[in-house]
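K.L.:
Below are the sequence and a predicted model for it; my questions follow.
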Amino acid sequence: MKRRDFTLGLGALAALPNAFAQQAAWPAKPVRVIVPYPPGGFTDVTARLIAQKLQERLGQSFVVDNKPGANSVIGVDALAKSPADGYTLAVVIAAYAANTSLYPKLPYDPARDIAPVSLIGQSPLVAAVNNEAPFKSAAELIAYAKKNPGKISFGSSGNGSAAHLSTELLKSLTGSYMVHIPYRGAAAALTDLMGGQIQLFLDAASGLINPGKSGRVRLIGVASEKRLPSLPDVPTFIEQGVAGFTGSTWAGILAPAGTPADIVRKLADEVHAIVRTDEVRGKLEAMGTIPVGGTPAEFGAFINAETAKWGKVIREAKVQVD
């Protein structure tokens, strides 16, 4: 071997430990966590809870950056175009999976540009009705809707939202017809529900627990296989005869595709551990969220299943975005 080649070879070998050390030192600077929704909602609250715990455990700031718009597309696109170095993440919800079918062309390719990290938790949707509505249970709601097609209006936080698609699934499973009224966010839909402008609204439990317990709305069913610990007196739709009806929002962490595998694994392991602590599990369950955690592969399989499930609903109900 020539002396020059030998020297270069030694230099390359000497650089390897430094490269490994830099990767092993992650995070060495603040991490940006994109939330593709405004502050204060389910996604934002969940993201801030997990970001705070990641910061405590890993010794670096995890800074939430709210980038709302287009049913989360704007924020996810920002993630997809970020460096794949472990310093930009995003927390998304069920709309991320639905958008693949809702939008004829996305500015990013979920399979090519995005890497799943870990599912934080699932939040089954809860059905709330106006106190003056002529039904006090899910069974009575369905019976009334079938007898009076088009007389029930249901709200959602927007076209293609989990609330919208879950109610469309409920209509399909029960052969009922109700009129969809989309809103710009859950708060506006809840206000009109309490005021009687709409009769039904499905939302994450975090937004309905207090209005339900204070008597401002009536909670009649949970779209899950089991009752929620935070609402033990509210039966599931399945208990009330609507077989197979489940619908939820969920929160999970994504990274740009190409993010080093050891960083993705480390993040997934940390999230898995965080959601199993007594403190975080208690906070999530109080919000009506079931802690999950898990591996990147498990989260990827979950996203694929959600994409297929809601894609079918979107096609059959001919759902279109504005």
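P.N.:
On my side now, so go ahead. None of the values given here were measured: they were computed from a predicted structure.

K.L.:
can you give me the strands for this protein?
P.N.:
All strands of the chain, identified by DSSP state E, fall at 31-35, 62-66, 88-92, 114-129, 153-156, 179-182, 200-204, 218-222, 248-256, 290-293.

K.L.:
okay if I get the ones you listed as CSV plus distance to L267, mean neighbour count and mean pLDDT?
P.N.:
To be clear about C-beta, it is placed using only N, CA and C from the backbone, and glycine gets the same treatment. CSV is the format used below for the strands of the chain (distance: least, Cβ to Cβ, whole Å; neighbours: other Cβ atoms under 10 Å; pLDDT from 0 to 100):
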stretch, distance to L267, mean neighbour count, mean pLDDT
strand 31-35, 9, 22, 98
strand 62-66, 10, 16, 97
strand 88-92, 7, 26, 98
strand 114-129, 5, 25, 97
strand 153-156, 32, 24, 95
strand 179-182, 34, 16, 95
strand 200-204, 24, 29, 95
strand 218-222, 30, 23, 97
strand 248-256, 7, 25, 96
strand 290-293, 11, 20, 95
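
K.L.:
Nearest to I74, out of the ones you listed?
P.N.:
Comparing the strands of the chain against I74 with Cβ to Cβ, the closest turns out to be strand 31-35 (9.5 Å).

K.L.:
Packing partners of the closest one?
P.N.:
helix 42-58, strand 62-66, helix 73-80, strand 88-92 (3 or more Cβ pairs under 8 Å, 6 or more residues apart in numbering; DSSP states H and E).

K.L.:
looking at those, which is closest to V179?
P.N.:
Distance to V179, taken as Cβ to Cβ, is lowest for helix 42-58 among the helices and strands packed on strand 31-35, at 24.9 Å.

K.L.:
Contacts for that closest one next, please.
P.N.:
Outside of helix 42-58, the residues within contact range by Cβ atoms under 8 Å, 6 or more residues apart in numbering are 27, 31, 33, 35-38, 61-64, 66, 91-93, 120-121, 123, 204, 206-207, 249, 251, 253, 267, 270-271, 273-275, 277, 280, 283-284, 287, 289.

K.L.:
circling back: dump the helices and strands packed on strand 31-35 to JSON lines, plus distance to P134.
P.N.:
Below are these laid out as JSON lines (distance: least, Cβ to Cβ, whole Å):
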{"stretch": "helix 42-58", "distance to P134": "30"}
{"stretch": "strand 62-66", "distance to P134": "40"}
{"stretch": "helix 73-80", "distance to P134": "39"}
{"stretch": "strand 88-92", "distance to P134": "38"}
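
K.L.:
Out of the ones you listed, which is closest to A261?
P.N.:
Of all the helices and strands packed on strand 31-35, strand 88-92 sits nearest to A261, with 15.0 Å by Cβ to Cβ.

K.L.:
Strand partners (parallel or antiparallel) of that closest one?
P.N.:
For strand 88-92, the pairing partners within the sheet under DSSP bridges are strand 31-35 (parallel), strand 248-256 (antiparallel).

K.L.:
export those strands to JSON lines and tack on distance to L200?
P.N.:
Shown next, in JSON lines, are the strands paired with strand 88-92 (distance: least, Cβ to Cβ, whole Å):
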{"stretch": "strand 31-35", "distance to L200": "28"}
{"stretch": "strand 248-256", "distance to L200": "17"}
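
K.L.:
between the ones you listed, which gets nearest to S224?
P.N.:
Checking the strands paired with strand 88-92 against S224 by Cβ to Cβ gives strand 248-256 as the closest, at 6.7 Å.

K.L.:
Between the strands paired with strand 88-92, which one is closest to L141.
P.N.:
Of all those, the one in closest proximity to L141, counting by Cβ to Cβ, is strand 248-256 (19.0 Å).

K.L.:
separation between the closest residue to V234 other than its chain neighbours and F245?
P.N.:
Spatially, and ignoring its direct neighbours in sequence, V234 is nearest to L219 (4.9 Å; Cβ to Cβ, 6 or more residues apart in numbering). Applying Cβ to Cβ, to the nearest Å, the value for L219 to F245 is 16 Å.

K.L.:
ditto for T174
P.N.:
For T174, the distance to F245 - Cβ to Cβ - is 8 Å.

K.L.:
Stretch 174-190: which residues count as buried?
P.N.:
Neighbour-count burial for stretch 174-190, with 16 or more other Cβ atoms under 10 Å as criterion, is recorded at T174, S176, M178, H180, I181, P182, Y183, G185, A186, A189, L190.

K.L.:
Give me the residues contacting that stretch.
P.N.:
Applying Cβ under 8 Å, 6+ apart, the contact partners of stretch 174-190 are 38, 41, 128, 142, 145-146, 149-150, 152-159, 161, 163-164, 167-168, 170-171, 192, 197-198, 200-201, 203-204, 207-208, 211, 217, 242, 322.

K.L.:
Return the most buried member of the helices and strands packed on strand 31-35.
P.N.:
strand 88-92 (a mean of 26; mean count of other Cβ atoms under 10 Å).

K.L.:
Next, the angle from that one to helix 73-80.
P.N.:
Angle, strand 88-92 to helix 73-80, by axes from the mean of the first three to the mean of the last three Cα atoms, to 10 degrees: 150 degrees.
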